[in-house]
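# Provided below for reference: sequence and predicted model.
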Amino acid sequence: NCPLNVDQILGTMAQDLALERVKSLVKQYPDFPKQGVLFHDVFPVFRDAQAVETIVNRVIARVTSEKEPPTVVVGLDARGFLFGPIIALHLNAAFVPIRKKGKLPGSCVSVESTKEYGHDVLELQEGSLRRGERVLIVDDLMATGGTMASAVHLVKEAGGDITHCFCIIELPDLKGRDKLQVPFFSLLQLPCDC
């Protein structure tokens with residue numbers, strides 16, 4: 001018979017409420033950017049400092065529980081740029097962007113990415129990662145997994161060792177995480193409704 005630890009129970013309840021707060025701030029827009037797509041907008045989350053703090057604290061707790069936390073945070077164009085640098089700062093890690101083609105200066109490595117509503121070419125600046133650096137890749141949403149899988153490819157090609165991939169929102173019905181051969185986690189798992 002284990003005694004109940006009231007502080008642990010209250011802490012867990014507070015964390016659950018904080019996560020519900022984040023979820024309540026995500027707005028949904030049907031048929032955007034095209035017919036049949038339900039768009040999950042995380043921008044409203046960034047109007048709430050406590051919600052952003054919840055996201056950052058959850059990610060930090062997860063990745064620092066590992067023996068060797070990431071030394072680089074890679075943010076995906078464009079919403080990964082919103083919280084990636086904040087996470088990097090808390091980890092005392094570098095921040096490196098992966099952007100759509102033509103947005104980064106200098107020599108880049110590139111890969112085509114297939115999304116649920118189109119194609120993109122993603123790029124990473126040559127020399128932005130050193131061989132063996134431990135990398136956390138962040139984005140706002142995991143749907144079909146095409147963008148994240150392309151980012152994983154770019155980071156591996158550059159010599160990075162991926163510790164985790166993270167998205168605020170995951171649409172598990174679309175099985176995007178199945179395209180990844182690296183650890184993945186998300187804070188919110190939402191039905192696809194598409």
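Sure, I can see it.
# would you confirm that residue 154 contacts residue 96?
No - with contacts defined as C-beta atoms under 8 Å, residue 154 does not count as touching residue 96, sitting 10.1 Å away. (Each C-beta comes from the backbone N, C-alpha and C, glycine too.)
# tell me what the closest residue to residue 160 other than its chain neighbours is bridged to.
For residue 160, ignoring the flanking residues on the chain, the nearest one in space by C-beta to C-beta, 6 or more residues apart in numbering is residue 135 at 4.1 Å. Beta bridges link residue 135 to residue 72, residue 162, judged by DSSP bridges.
# can you pull out the helices in this structure?
6-25, 49-64, 80-91, 146-157 (DSSP state H).
# including distance to residue 38, could the ones you listed go into CSV?
Below are the helices of the chain laid out as CSV (distance: least, C-beta to C-beta, whole Å):
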stretch, distance to residue 38
helix 6-25, 15
helix 49-64, 21
helix 80-91, 20
helix 146-157, 17
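# list the residues that contact residue 141.
The contact partners of residue 141, by C-beta atoms under 8 Å, 6 or more residues apart in numbering, come to 40, 42, 79, 167, 168, 169, 170, 171.
# ok, now which ones touch the first one?
With contact set as C-beta under 8 Å, 6+ apart, residue 40 has these partners: 26, 27, 28, 140, 141, 169, 171, 190.
# report the two of these separated the most.
27 and 171 (15.2 Å; C-beta to C-beta).
# neighbour count for these two, which is higher?
Neighbours of residue 27 and residue 171, each counted by other C-beta atoms under 10 Å, are more numerous for residue 171; the result is 24 against 12.
# my read is that that one contacts residue 140, right?
No - counting by C-beta under 8 Å, residue 171 does not reach residue 140; the two are 11.7 Å apart.
# report the buried residues of stretch 110-128.
110, 111, 113, 116, 120, 122, 123, 124, 125, 128 (16 or more other C-beta atoms under 10 Å).
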